[in-house]
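1. Got a predicted structure here, sequence first:
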Amino acid sequence: KDDIITLAIESSCDETSVSILKNGRTVLSNIIATQIEQHKKFGGVVPEVASRKHIENINFVIGEALEEANVTFDDITHVASTYGPGLVGALLVGLSAAKAIAFAREIPFNGVNHIEGHIYANFIEHQELEPPFVCLIVSGGHTHLVYMKDYGEYEILGKTRDDAAGEAFDKVARALGLGYPGGPEIDKLAKIGDKEAIAFPKAYLEEGSYDFSFSGLKSAVLNYLNSQRMKGNPIVIEDVAASFQQAVIEILVEKTMACAIEKGVKQITIAGGVAANSGLRQLLGKKAEAHGLHLKYPSLKLCTDNAAMIGCVAYYDYIKGYRSSLDLNGIPNLKI
Ligand code: KG4
Ligand code: ZN
């Protein structure tokens, strides 16, 4: 039989994840060991702690992924790992494990760009999905608008000039005294708050630009909180959350729609942790429908970091004939 059975590893940030896939799009297992509890007390990911936790976890997670997929190392024909962007110490754990397996088993290895992985989560969720489409990638570290022409072919239409969308969610959440990660907390509160309560500024940048900037918005929220406190005025955190979230998603939606219309695509996808945001899904879905476009997004588990999406990219690279060498290094600032 010619099935390609990929063992894929993701360890670029605070999730140790291993997935086994059949022919790139059928997920046999997708184990995710999250370190959120370890980083919570610091209000963000501590790189040294992340690397150590990955080292402690990696072998167990590999074992669990094999067991859940009901396969052994003998069945694995292909290995993949994220090699950037991300925290270098964290990246090296998964990358070294993957290279060791490829070397020991004498099987091909593909290093994968994490951002590309987020896009491909959509291929796992939607088996019928094919390029071309415009994809909005919004995570804790990245905000990219990408035109995906074909597998492995991308045109970057815009990206953030300062904070990533998820970073803005996390920082505002922290200022509101909410837990980490902040995105899901703000999402929850926004549902009960008034999104028109406070008019926060939206940075659209120059006419026609598809770039983003969220640091001004973040500062505006912090200034608002400070001035309310100084004046002794009450702060309705549900309203702050809803108004902030609305400002973020209106910019994201407007620019994504403009890109899709300019490129003449019929489909829009979203990816990355912030793609889990219910307000974003709703507003973009509504706008897309009004223009006769289809919006697709991954389930919550596939939105945030996971190894299945990495294995999917590796499969398409593999069938195109690409192979990574075993001296591939981790690249913290790898570009798509
Ligand atoms: O893709 P991801 O798991 O990790 C990175 O590669 O960065 O994204 C994590 C980010 C965090 O900033 C988190 O606050 C945000 O995604 N996030 C959300 C939601 N769920 C996760 N942001 C807004 N709304 C959500 N429901
Ligand atoms: Zn990610």
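-> Arrived safely, thanks for sending. Ligands and ions are numbered 1, 2, ... in the order given.
2. measure residue 14 to residue 237 for me?
-> Per CB to CB, to the nearest Å, residue 14 is found 25 Å from residue 237. Where you see a C-beta, it was placed from the backbone N, CA and C, and this is true even at glycine.
3. Looking at these two, which one has more neighbours?
-> Remark: of residue 14 and residue 237, residue 14 carries more neighbours, 25 against 18, as counted by other CB atoms under 10 Å.
4. The more buried one and residue 36 touch, don't they?
-> Yes. Using CB atoms under 8 Å, residue 14 is in contact with residue 36, at 6.7 Å.
5. what sits up against stretch 185-197?
-> Residues from elsewhere that reach stretch 185-197 (CB atoms under 8 Å, 6 or more residues apart in numbering): 169, 172-173, 176, 178-179, 236-246, 276-279.
6. Buried residues, it. List them.
-> For stretch 185-197, the neighbour count (16 or more other CB atoms under 10 Å) marks 185, 186, 187, 189, 190, 193, 195 as buried.
7. Mind checking which of those residues land in strands?
-> Among the buried residues of stretch 185-197, no member falls in strands (DSSP state E).
8. now those as a markdown table including pLDDT and distance to residue 19?
-> A markdown table is the format used below for these (pLDDT from 0 to 100; distance: CB to CB, whole Å):
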| residue | pLDDT | distance to residue 19 |
| --- | --- | --- |
| 185 | 96 | 27 |
| 186 | 98 | 29 |
| 187 | 98 | 26 |
| 189 | 98 | 32 |
| 190 | 98 | 31 |
| 193 | 97 | 37 |
| 195 | 97 | 37 |
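9. Assign a three-state SS to residue 147, would you?
-> strand (DSSP: H, G, I helix; E, B strand; the rest coil).
10. Quick one: neighbours of it, just the number.
-> Using other CB under 10 Å, the number of residues around residue 147 comes to 20.
11. what residues are up against the residue lying closest to residue 247 once chain neighbours are set aside?
-> What sits nearest to residue 247 in space, not counting adjacent residues and going by CB to CB, 6 or more residues apart in numbering, is residue 200, at 4.5 Å. If a contact means CB under 8 Å, 6+ apart, then residue 200 has 217, 220, 221, 224, 243, 244, 247 as its contacts.
12. Now the two most distant members of those residues.
-> Farthest-apart pair in these is 224 and 247; separation 11.6 Å (CB to CB).
13. neighbour-wise, which of those two wins?
-> residue 247 (22 against 17).
14. Tell me who's in contact with that one.
-> So residue 247 contacts 200, 201, 202, 217 (CB under 8 Å, 6+ apart).
15. How about the secondary structure of residue 7?
-> Assigned with three-state DSSP, residue 7 falls in the strand class.
16. which non-adjacent residue is nearest it?
-> In space, and not counting its chain neighbours, residue 7 is closest to residue 76: 4.8 Å by CB to CB, 6+ apart.
17. Residue 18 too?
-> In this structure, residue 18 finds its nearest non-sequential neighbour in residue 65, 3.9 Å apart by CB to CB, 6+ apart.
18. That neighbour - how many residues pack around it?
-> 24.
19. Residue 290 now?
-> So residue 290, with other CB under 10 Å, has 9 neighbours.
20. do the same with residue 208
-> For residue 208, using other CB under 10 Å, the count is 8.
21. One more: residue 316?
-> 19.
22. List the residues that contact it.
-> Contacts of residue 316 by CB under 8 Å, 6+ apart are 24, 120, 151, 152.
23. so which of the residues you listed comes closest to ligand 2?
-> Closest approach between the contacts of residue 316 and ligand 2, by CB to the ion: residue 120, at 11.9 Å.
24. Flag every residue of the stretch 201-336 of the chain that's near ligand 2.
-> For the stretch 201-336 of the chain, the residues in contact with ligand 2 (CB under 5 Å from the ion) are residue 305.
25. can we see that at 6 Å?
-> 272, 305 (CB under 6 Å from the ion).
26. quick one: pLDDT of the residue of the stretch 201-336 of the chain found nearest ligand 1?
-> Nearest residue of the stretch 201-336 of the chain to ligand 1 (CB to the nearest ligand atom) works out as residue 273 at 2.2 Å. Here, the pLDDT recorded for residue 273 equals 93.
27. what's near enough to touch it?
-> Contacts of residue 273 by CB under 8 Å, 6+ apart are 138, 139, 140, 166, 181, 183, 303, 304, 305.
28. Surely the third one and residue 14 touch.
-> Right, residue 140. No. Counting by CB under 8 Å, residue 140 does not reach residue 14; the two are 9.2 Å apart.
29. Let me see the confidence value for the nearest residue to residue 155 once chain neighbours are set aside.
-> The spatially closest residue to residue 155, leaving aside those adjacent along the chain, is residue 147, at 4.3 Å (CB to CB, 6+ apart). Looking at residue 147, its pLDDT reads 97.
30. Quick check: residue 147 touching residue 261?
-> No. Taking contacts as CB under 8 Å, residue 147 lies outside contact range of residue 261: 12.0 Å.
31. From ligand 1, how far off is residue 200?
-> 16 Å (CB to the nearest ligand atom, to the nearest Å).
32. nope, residue 109 is what I meant
-> 22 Å.
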